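Asker: Starting from these lines, generate the structure:
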Amino acid sequence: MALLQHTTGSPLCGKLTSWTTTTCSLIARHILLVLCIHAGGAAKVQVAQGPRPVVASPGLALAQPRRTICRSTNQGDLESVGSRTNATGELVKAVQGQVGAFTDGGNSSPTTLVANAAEASSKTSGTSDDKELKDAPKHLGWIPENSTLPPLQYTPLSNSEKAWTNFKLAFALPWRRFKKDAVLTFKLEGDINDQLQGRFSPGFSLPQICDALEKAAVDPRIKGIAVELSPLAIGWAKVQEIRRYIKLFRDSGKFTVCYMKVAGEKEYYLSTAFEEVYLAPSATLRLQGFSVAGTFLRGVLDKVGVEPQVQRIGEYKSAGDQLLRRDMSEAQKEQLGELLDDIYEHFMDTVADARGKTREDVAALLDRGVYDNEVFASEGWVDGLKYEDQITDDLKKRTGGKDDEVAKVGLSKYSRVSRSAFGLNGKKRIAVLRAGGAILGKAGGIGGASGSITPDAIIPKLRALAKDKKVAGVVLRVDSPGGDALASDLMWREIRKLAEKKPVVACMGDVAASGGYYMSMAAQAIVAQPLTITGSIGVVTGKFNLAELYDRVGYSKTLLSRGKFAEFLAADNRSFNDDEAALFEESAKFAYKSFRDKAAESRGLPVEEMQAVAQGRVWTGRRALTRKLVDAVGGLHEAVALVKQAAGIDQSEKVTLMEVSRTRTSPLALIGGLSGSVAIATHEKVFI
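Answerer: This is a model prediction of the structure:
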């Protein structure tokens, strides 16, 4: 600059000045553009500025849903490419203005120029980061609060709602009409599927039953329900869910009648939700207590010459005991004993409260082994002994039918009545995705994926829900004892990705253990019934050595291989050698560590704390709550309430539940009496 000042008196100096100024401006422009590119991080611009906002990371929020939604890096900064690009655009404009002033002979120094650029960087980057925080899904920072969840209870229609309902029912389609003052009748027996049933499926499903009871409670055409209970082939959690909806209907003031011919503890427990409970005079009601059994095949395998080679990781992981042991382990006795205790205690509390008895009365009843139905009736355990025709005569008097018939409607027909007729739906939608059965890598057999959970069936639905802007949140209903580890992990990943876009709450059925828990833990919150069986965070894998069996039957087998471990699983005619045994054990431990660590990450717990409740141990939902494996005790109602909570929907606002799962049953399977799926293993499988 001194040379320029010294030579400004001649024309040559004027040209030199112009050339030098232009050159300097170009150099300055390039320097400042470089600064612009790196302006996102303040390390390149030595200007003091306040603390920078931290951008929420969706992945991190999902990993620590109960801790925090953001975390600083070592530099105290997390920025997106988008925010840097926006900051750069603003800085270019600022720099162009400063360069123009410098070229025009302004007195701005390079230091001032850099300071102004840095100040612009701070402002624009902060604005971009604030916008990103504002635009980030709010549910990522959500912490489940189950103390504020509304209970499942009957809510009568307002006068205006009643008038609107009567108007809509007057114009109902013919196949949805039935006589006024009717009784809703159905029979509960056998298996009750957790998913809506297809056209060719027999029986009723859990959502069908619960939905019908909820509608009937506010339907002015329904005066009551009459249900026949027969032996059920479902778990305690489903029974609890059905019982809650029967209680909801009963709270509407309408009559509830239950009739039993053959029943045990589970059926009787469900019957106590009804106001009136009747037995056939010659019915069989066995109330004798609860038991659980384990079967073991090791003695049989030894006799036929089969050696099971099983690795199970987790002290309580009992899946391999059936093959390895001749009796029940102490760890298995411990966990099964706790399950029995919870069922026994819950049964006594519920029955005593419903029938106006004490816990001691219920315990004494179970210990007496009562078989005389007159005793059940005289002591108030049931309300009377009646034949079916006597029940029918009573219903004729209570309904609006003729003297010789009952005004009634069956559950199948009543299921076609829309919830919107009673104003039970809302504008916002919450999807219910149901996954039930064993977890398989791929489904086979007649009927496709019926009765099983596969990635091919679940993942496309998860991705579709992530893209559906009309869905405010998702309830993932899981009813599975587990299965293939790889399939579980693939679905876990997709559930996590869905939870980055919108709230996802898992709702457990009868059992959501092992692989079932693997799927559930990907959700932001988990709901389980008090008697749901869950947990079982462990791994089991194995193969059979058939050498002795082959020798006995005269069968021989020769293997040719290349590679140290080529015969690792292919050789069923010998035991593992030392190297293969070591690999077998280490691979199982690796799979367990992956499962346990992901469970800890998903639940926001230290690995050490998760290890204490893992090890393959199963828990009831009640015990799982105290060990932070689930977030709330309840059913679908509580899961929907949690989705509302996460999505910012007021609890009093009605929503539309959109069922996205339906069981597919092939007519050929029904004709042939076939059900379920067949999985053919062609390589090593790790089961959880």
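
Asker: mind listing what the residue nearest in space to the middle of the chain touches?
Answerer: Nearest to the mean C-alpha position of the chain, by CA atoms, centre = their mean, lies A506 at 2.4 Å. A506 makes contacts with 475-478, 512, 519-523, 525-527, 639, as judged by CB atoms under 8 Å, 6 or more residues apart in numbering. Using the backbone N, CA and C atoms, a C-beta is placed for each residue, glycine as well.

Asker: Out of those residues, which is nearest to R574?
Answerer: M519 (37.0 Å; CB to CB).

Asker: quick one: that closest one is in a strand?
Answerer: No: counting by DSSP: H, G, I helix; E, B strand; the rest coil, M519 is not part of a strand but helix.

Asker: where exactly do the helices run in the stretch 101-250 of the chain?
Answerer: Here the stretch 101-250 of the chain has its helices, by DSSP state H, counting those that start in this stretch, at 110-135, 159-170, 206-218, 236-250.

Asker: Rounded mean pLDDT for the first one, please.
Answerer: Confidence over helix 110-135, taken as the mean pLDDT, stands at 44.

Asker: list the contacts for K467?
Answerer: With CB under 8 Å, 6+ apart, K467 has no contacts at all.

Asker: can you tell me how far it sits from P460?
Answerer: 11 Å (CB to CB, to the nearest Å).

Asker: ok so, going back, restricted to helices, list the contacts of A506.
Answerer: Counted as lying in helices by DSSP state H, out of these, are 519-520, 639.

Asker: I figured H637 hits L152, correct?
Answerer: Yes: between H637 and L152 there is a contact under CB atoms under 8 Å: 4.3 Å.

Asker: Mind listing the shared neighbours of these two?
Answerer: Joint contacts of H637 and L152 (CB under 8 Å, 6+ apart) are R244.

Asker: List the beta-bridge partners for V227.
Answerer: F186, C258 (DSSP bridges).

Asker: What's the local residue count around it?
Answerer: When neighbours are counted by other CB atoms under 10 Å, V227 registers 23.

Asker: pLDDT at it, what is it?
Answerer: Confidence at V227, expressed as pLDDT, is 98.

Asker: For it, list the residues it contacts.
Answerer: Contacts of V227 by CB under 8 Å, 6+ apart are 185-188, 246, 256-259, 274.

Asker: doesn't A354 fall inside a helix?
Answerer: Yes: counting by three-state DSSP, A354 is found in a helix.

Asker: Can you pull the phi/psi pair for the residue nearest to it when sequence neighbours are not counted?
Answerer: Distance criterion CB to CB, 6 or more residues apart in numbering; nearest residue to A354, sequence neighbours excluded, is T272 at 3.7 Å. Dihedral angles of T272 (phi, psi; degrees, to the nearest 10) stand at phi -70, psi -10.

Asker: just the CA coordinates of the helix or strand that contains the residue nearest to the centre of the chain, formatted as CSV?
Answerer: Taking DSSP states H and E as the criterion, the element that holds A506 is strand 504-513. Extracted as CSV, the C-alpha positions of strand 504-513 are listed here (Å, rounded to 0.1, in the frame of the first residue of the first chain):
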residue,chain,number,x,y,z
VAL,A,504,-44.8,-45.2,17.4
VAL,A,505,-46.1,-47.0,20.5
ALA,A,506,-45.9,-50.8,20.9
CYS,A,507,-48.9,-52.6,22.4
MET,A,508,-48.2,-56.1,23.6
GLY,A,509,-50.6,-59.0,23.4
ASP,A,510,-50.5,-62.4,25.2
VAL,A,511,-46.8,-62.6,24.7
ALA,A,512,-44.1,-60.3,23.2
ALA,A,513,-41.0,-62.1,24.3
